[in-house]
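**Student:** quick one: sequence plus predicted model below, questions after.
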Amino acid sequence: MADIEAKWAEFENMCRNCRECGLRDGAANVVIYRGAKEAPLMIVGEAPGAEEDAAGKPFVGRSGRLLQSLIDAYGFDGSDYHICNICKCRPPENRRPEPSEIAACKRNLAMQFMLVRPKVILLCGSTAYEGFFGTKPVMKDVRGKFIEKNGYLIMTTYHPAFALRNPANKMPIYEDMGKVRAKLEELGLIEKNKGINA
Ligand code: URA
């Protein structure tokens, strides 16, 4: 346990001291994660927005509240998931991170995967997909399907901001979260019906 805590401290220091791209200069905080340090499910977004930058936690703004409502709807608790982003620092004006910024943050993300040791990864949106797989996705083709890579089962879904733009877009994200929950149950990584009222 002490060893894990030491590794986490080292990792968080590495992220906070990172100057591999210019984003840190304009960011108030380095946004590393929320949820459990080690978890069967890792949820990965794009980059912090204004509220995340101010709070130092990912997905705490409008998109985050929507994401959290879906997480809660499937009965997950904080020990089941780890939430983070492809980029740890807020891009100015909430623009998408540039490929060079995504590449610069890869070292941090790689270490995060090693520490969290998830089995299932939910990528939220095309930037998260691109950050993970290195190619641009056609979202309607890749979403909702598990892909196995490096021992992980990876599901891509739409970014919650997409559902904020049009509430009808919430349904596919809801369905994908349901598939993630079912997969974790199938793998014995979450108790059947835990957190779900019968
Ligand atoms: N959008 C993201 O992709 N990540 C956050 O943390 C917040 C909004």
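**Tutor:** That came in fine, so what should we check first? The model shown is predicted, which means the values in this text are computed figures rather than measured ones.
**Student:** how about the CA coordinates for stretch 170-183, as PDB?
**Tutor:** What follows is stretch 170-183, C-alpha atoms only, in PDB (Å, rounded to 0.1, in the frame of the first residue of the first chain):
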ATOM      1  CA  LYS A 170     -27.900  11.200 -24.300                       C
ATOM      2  CA  MET A 171     -29.400   7.900 -25.200                       C
ATOM      3  CA  PRO A 172     -26.400   6.300 -27.100                       C
ATOM      4  CA  ILE A 173     -24.100   7.400 -24.200                       C
ATOM      5  CA  TYR A 174     -26.600   5.800 -21.700                       C
ATOM      6  CA  GLU A 175     -26.700   2.600 -23.700                       C
ATOM      7  CA  ASP A 176     -22.900   2.500 -23.900                       C
ATOM      8  CA  MET A 177     -22.500   3.000 -20.200                       C
ATOM      9  CA  GLY A 178     -25.000   0.000 -19.800                       C
ATOM     10  CA  LYS A 179     -22.700  -2.200 -21.900                       C
ATOM     11  CA  VAL A 180     -19.800  -1.200 -19.800                       C
ATOM     12  CA  ARG A 181     -21.700  -2.100 -16.600                       C
ATOM     13  CA  ALA A 182     -22.700  -5.500 -18.100                       C
ATOM     14  CA  LYS A 183     -19.100  -6.200 -19.200                       C
END
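**Student:** quick one: contacts of it?
**Tutor:** Applying C-beta atoms under 8 Å, 6 or more residues apart in numbering, the contact partners of stretch 170-183 are 41, 66, 70-71, 73-76, 120, 122, 143-144, 146, 153, 155, 157-158, 160, 162-163, 190. Just so you know, the C-beta spots here come from the backbone N, C-alpha and C atoms, and that holds for glycine as well.
**Student:** now, which of these lie close to the ligand?
**Tutor:** Among the contacts of stretch 170-183, no residue lies close to the ligand (C-beta under 6 Å from any ligand atom).
**Student:** of those, buried ones?
**Tutor:** For those, a burial check counting by 16 or more other C-beta atoms under 10 Å picks out 41, 66, 70-71, 74, 76, 120, 122, 143-144, 153, 155, 157-158, 160, 162-163, 190.
**Student:** can you flag which of these belong to strands?
**Tutor:** With strands taken from DSSP state E, the overlap with those comprises L41, V120, L122, L153, M155, T157.
**Student:** same list (the residues you listed) but as JSON lines, adding pLDDT.
**Tutor:** Formatted as JSON lines, those follow (pLDDT from 0 to 100):
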{"residue": "L41", "pLDDT": "99"}
{"residue": "V120", "pLDDT": "98"}
{"residue": "L122", "pLDDT": "98"}
{"residue": "L153", "pLDDT": "98"}
{"residue": "M155", "pLDDT": "98"}
{"residue": "T157", "pLDDT": "98"}
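**Student:** I appreciate the help and will end here.
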